[in-house]
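Chemist: what would the 3D arrangement of this be:
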Amino acid sequence: MKPVMMFCEAIEVNLKTGPDIYDITPALDRLIRDSEIENGTLCATMVGSTGSLTTIEYEAGVVEDLKRAIDRMAPRGMEYEHEKAWHDGNGHSHVQAALLGPSIAVPVRGGRLKTGTWQQVVAINHDNRARTRTIEVTITGTADN
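Modeler: The predicted structure is shown next:
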């Protein structure tokens, strides 16, 4: 039986005012290579309550469609209880991020993310200002050597 290994690292991404969507797949692939784990699971979590992670086809049309859908789910300018307490203009940002979720788990097979041909992992900033986001990544699994 092969021993199970664990690799922990963080990546940072600079994101514009939300919704801004950025492909983090190349950074995750680099971490998998660094981990030397061939088969297992990659878990990633966006730190902060106004950011999220998901997968999409990272193509300009789909990215724009997702931005519009996010804005329809929890639009700016509506009355949010968060605004009444904090007056920071980002009540919608918290709701959008909560609906999409901060975390994702993706299989690692053969030393690579096991995603579809047109599927990439993306980080999304929902906040009403640009943010540098930290994404904590944990990879667990086995090496083939």
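
Chemist: residue 123 reaches residue 48, doesn't it?
Modeler: No: using Cβ atoms under 8 Å, residue 123 is not in contact with residue 48; the gap is 10.6 Å. C-beta here means a position set from N, CA and C on the backbone, and glycine is covered the same way.

Chemist: ok, for residue 102, nearest residue in space, not its chain neighbours?
Modeler: residue 46 (4.6 Å; Cβ to Cβ, 6 or more residues apart in numbering).

Chemist: list the contacts of the one you found.
Modeler: Shown in contact with residue 46 (Cβ atoms under 8 Å, 6 or more residues apart in numbering): 52, 53, 97, 102, 103, 123, 133, 134, 135.

Chemist: likewise for residue 71?
Modeler: For residue 71, the contact set (Cβ under 8 Å, 6+ apart) comprises residue 19.

Chemist: quick check, central residue of this protein?
Modeler: Closest residue to the average C-alpha location of the chain: residue 53 at 2.4 Å, with Cα atoms, centre = their mean.

Chemist: separation between the spatially closest residue to it that is not a sequence neighbour and residue 130?
Modeler: Distances taken as Cβ to Cβ, 6+ apart place residue 104 nearest to residue 53, at 4.5 Å, with adjacent residues excluded. In this view, residue 104 and residue 130 are 22 Å apart by Cβ to Cβ, to the nearest Å.

Chemist: looking at these two, which is more packed in?
Modeler: Neighbours per residue (other Cβ atoms under 10 Å) separate residue 104 from residue 130, with residue 104 holding more: 21 against 12.

Chemist: work out for me the element that one sits within.
Modeler: Using DSSP states H and E, residue 104 falls within strand 103-109.

Chemist: read off the pLDDT value for the residue in the chain sticking out farthest from the centre.
Modeler: Distance from the C-alpha centroid of the chain peaks at residue 1, with 32.7 Å (Cα atoms, centre = their mean). Confidence at residue 1, expressed as pLDDT, is 80.
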